[in-house]
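**Student:** predicted model and sequence below, questions to follow.
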Amino acid sequence: MNFESICSRCQHCGRRMQWLLVFVAAIFVFACQKPPDQPNTRGVEQVGSTVNPGSFGKYYALIIGVNDYKIWPKLKYARRDAENIGKVLTNQYTFDADNVTYLLDGDATLEKIMREVRRKLESLSENDNLLIYYAGHGQLDPLTETGYWIPVDGKLDVDSTWIMFTTLQTLLGAANVKAKNIILLTDSCYGGAIARGAPSPGNKSPEEAGYSQYEQHLKGLAQKRSRQVIASGGADVTVPDRSDFAQLIVDALTDNHYPLTDMEMLFFKDVYPKLRFSGQQDPVIARIAPRPGEDGQFVFVKRTVMTGVADASAPDPTTHRGQEPAPNGISLSTNNTDKGISPPPTTQTPAMPRPVIEMYQASNNAINQDDSATLSWRTKNATAVEITGLGNVALSGKASVSPTASTTYVLTASNPQGQHTTAEVVINVRISAAPMIDEFSATTTTVRPGEAVTLTWQTHNAARVEIIPLGIAASSGSQAVEPQTATTYTLIATNDAGRQVKQSITINLGSEAAQPIPSRALLIRPEVLKHVALAQLPNPVLVARGNRVVMGVAGGMIRYSLEISNWNAYPADFFKPAPNLAPCGTNTNAARSWLDIYEAGTNRRLYGFCALSEPKALSSLSFAVASTANPPKQIYVILTDRGSNQQYQSNVVAVK
């Protein structure tokens, strides 16, 4: 065999060897790959999403927010909440700006709201989705238990100028409405009255189910029809102007980093627990008259979907919430992946563990004015902690606070990567009117031994009156005393919050006849004289109008209807907003006059009204007690004019 033939054969064998090596390498690679049904212990695993946003249809929204009411009390935050909801939908999710309609303040009339609701329901196709959000006043008819939205032009006592919840339910649940998924978010007083359909079936979170399984589940649910409603408070719940409901929804949608999510899961995970924890509101969720097959979900689709390959040592992306940096080793997919070429992995800062608030509480969640409470907290994985009103604080510690009104203290724990976790503590401040001594006088201040002198006193806003050394006394009255030595009598008036005022009179003994004080009236404060002179108003005439059982609310309630039959005897000034007086909770525009309902005999306060807007509101009053509680047998009401500290007590009536 010559040299050339040897070389030729070697070249041929070399090519065969190259093919053999390729074949062996392929077998090795195949053997090292992780089977799909085994846990990710080594190597790499494809994560991310295969979401096609177009397959979920178009997304539309109607955003309604009213601050500047024409007749009803004006609000401060409803419009802001509505605008924030609209921003997060258009900025982060597939709600095109052209498909989002705003009706704010003057545009949110009865006619425009109803016209726009109908227009959207009539124009949407079978694959479209609609979100409706309302922030503004709400009202509940105590007779029919019907709830209402109050448009900007709604009148105080004309329910035909309001938007009835049953009308909205009928429209949204109509079989001829083609839209696939509709969700209604209502942030108003008594909003839960619209959420009285069948309860929602529940849905596991991505953390519970694993994101891949969660995504596949949502893809199926998104193709089914659904009609859902979420309300910021129950059917018997009033909602403060500064409601946390909208902000919690915005935070939940902003922090979500999954390509797909659903509102029901976010509600139970991020909204409901925090509102209940704060004690401010009791949100509810339900489905509107579901038909067979209408058990879908309103699915939100993020505008940006990230896919990639994650190193096995990186944290599982389904264990964290919020916008976090990609786990170490993630490489974003590019067009090269279609050609079988993977880009080199990028180097990124390892993800830090999310801050955790292990404990956050108050020593007392209900305090009196001028009292204090201690906030205590403990965090983990945080590098900075801030508390509303206190600023930056230690990572764990305590702080004393003395709020003058009911206050929500928000604790925010954060780390350098921008991750943050929040928790709230609400401290309610019992606002009690200061006790006042209108008069404490004596017929004389000097008597002979054995001679009597009469003490006279008058107080208000006092839960307890004591005269030392005589003992407990009525809130107003007179008593004759015969001091044997010079004696100082001290009147102490205490309100239900424990605040006290004192006034003393000293009776001296003399050898001469006692000299009477020229006029008792001179010892009465001038403003009290004026107050007495103006007290020409009658006491309320209370009439019981019956009761009815309301089912489906907290296991059943008994609602009692009442009327002040002489309501037209009270001036309109009694019911004007009084921002210069103590607020009613967070409502700084509470009415000048408050009305409280008491159980006769026990004097137990059953209910109160601090925002009655006109005298006629006294003609339609109601209160409710749990059907499992002992119902009152007799009641009375006290109407308090906070501008003059005058109280008007009604007659006692029997209720059955």
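**Tutor:** That came through fine.
**Student:** residue ranges in the stretch 351-500 of the chain under the pLDDT threshold?
**Tutor:** For the stretch 351-500 of the chain, residues meeting the criterion pLDDT under 70 lie at 351, 432.
**Student:** what do you get if the cut-off is 80, keeping everything else the same?
**Tutor:** Applying pLDDT under 80 to the stretch 351-500 of the chain flags the ranges 351-352, 368-370, 430-434, 449-450, 496-499.
**Student:** what backbone torsions are found at residue 85?
**Tutor:** Dihedral pair for residue 85: phi -60, psi -50, per degrees, to the nearest 10.
**Student:** please shift the residue numbers so they start at 797 in all later answers.
**Tutor:** Understood, numbering begins at 797; the last thing we discussed is residue 881.
**Student:** so it versus residue 864, what's the distance?
**Tutor:** 18 Å (Cβ to Cβ, to the nearest Å). Just so you know, the C-beta spots here come from the backbone N, C-alpha and C atoms, and that holds for glycine as well.
**Student:** those two: which is more packed in?
**Tutor:** residue 881 (24 against 13; other Cβ atoms under 10 Å).
**Student:** tell me the confidence at that one?
**Tutor:** pLDDT for residue 881: 92.
**Student:** residue contacts, it?
**Tutor:** Applying Cβ atoms under 8 Å, 6 or more residues apart in numbering to residue 881 gives the contacts 859, 929, 981, 1042, 1045-1046.
**Student:** next one: it from residue 1247, what distance?
**Tutor:** Distance from residue 881 to residue 1247, by Cβ to Cβ: 77 Å.
**Student:** what pLDDT is listed against residue 1405?
**Tutor:** Looking at residue 1405, the pLDDT reads 84.
**Student:** how many other residues sit next to the nearest residue to it once chain neighbours are set aside?
**Tutor:** Spatial nearest neighbour of residue 1405, chain neighbours left out: residue 1391 (4.7 Å); criterion: Cβ to Cβ, 6 or more residues apart in numbering. Number of residues near residue 1391 (other Cβ under 10 Å) recorded here: 23.
**Student:** helices or strands next to the helix or strand containing residue 1391 in the packing?
**Tutor:** Per DSSP states H and E: residue 1391 is located in strand 1389-1395. Packed against strand 1389-1395 by the contact rule (3 or more Cβ pairs under 8 Å, 6 or more residues apart in numbering; DSSP states H and E) you find strand 1400-1405, strand 1417-1422, strand 1430-1437.
**Student:** ok, and what's touching it?
**Tutor:** Contacts for strand 1389-1395 (Cβ under 8 Å, 6+ apart): 1358, 1366, 1370-1371, 1380, 1400-1406, 1408, 1414, 1417, 1419, 1428-1439.
**Student:** pull out the buried members of those.
**Tutor:** Neighbour counting by 16 or more other Cβ atoms under 10 Å classes 1358, 1366, 1370-1371, 1380, 1402-1403, 1405-1406, 1408, 1414, 1417, 1419, 1428, 1431-1438 among the contacts of strand 1389-1395 as buried.
**Student:** ok so residue 962 is a helix residue?
**Tutor:** Yes - read with DSSP: H, G, I helix; E, B strand; the rest coil, residue 962 is one of the residues of a helix.
**Student:** who's in contact with it?
**Tutor:** Per Cβ under 8 Å, 6+ apart, neighbours of residue 962: residue 942.
**Student:** distance check, it against residue 868.
**Tutor:** Taking Cβ to Cβ, one finds residue 962 at 21 Å from residue 868.
**Student:** show me where the stretch 1047-1196 of the chain has helices.
**Tutor:** Ranges of helices in the stretch 1047-1196 of the chain, per DSSP state H, counting those that start in this stretch, are 1059-1062, 1068-1074.
**Student:** mean confidence score for the longest one?
**Tutor:** So that's helix 1068-1074. On average, helix 1068-1074 scores 65.
**Student:** what does stretch 928-944 give?
**Tutor:** Here the average pLDDT along stretch 928-944 is 82.
**Student:** next, the distance between the ends of it.
**Tutor:** Using Cα to Cα, to the nearest Å, one end of stretch 928-944 lies 15 Å from the other.
**Student:** tell me the buried residues in that stretch?
**Tutor:** By 16+ other Cβ under 10 Å, the buried positions in stretch 928-944 come out as 928-938, 941-944.
**Student:** next one: stretch 1181-1191
**Tutor:** Quick answer for stretch 1181-1191 (16+ other Cβ under 10 Å): 1181-1183, 1189.
**Student:** stretch 1055-1075 now?
**Tutor:** Across stretch 1055-1075, burial judged by 16+ other Cβ under 10 Å covers 1055-1068, 1070-1071, 1074-1075.
**Student:** what ranges do the strands span in the stretch 897-1046 of the chain?
**Tutor:** With DSSP state E, counting those that start in this stretch as the criterion, the stretch 897-1046 of the chain has strands at 925-931, 934-937, 942-945, 959-960, 977-983, 1022-1027.
**Student:** quick one: which of those strands is nearest residue 1150?
**Tutor:** Across the strands of the stretch 897-1046 of the chain, residue 1150 has its closest neighbour in strand 1022-1027 (26.0 Å, Cβ to Cβ).
**Student:** quick one: the closest one to strand 925-931, angle?
**Tutor:** Angle, strand 1022-1027 to strand 925-931, by axes from the mean of the first three to the mean of the last three Cα atoms, to 10 degrees: 20 degrees.
**Student:** what strands line up against strand 1022-1027, and which way round?
**Tutor:** Using DSSP bridges, strand 1022-1027 pairs in its sheet with strand 977-983 (parallel), strand 1080-1083 (antiparallel).
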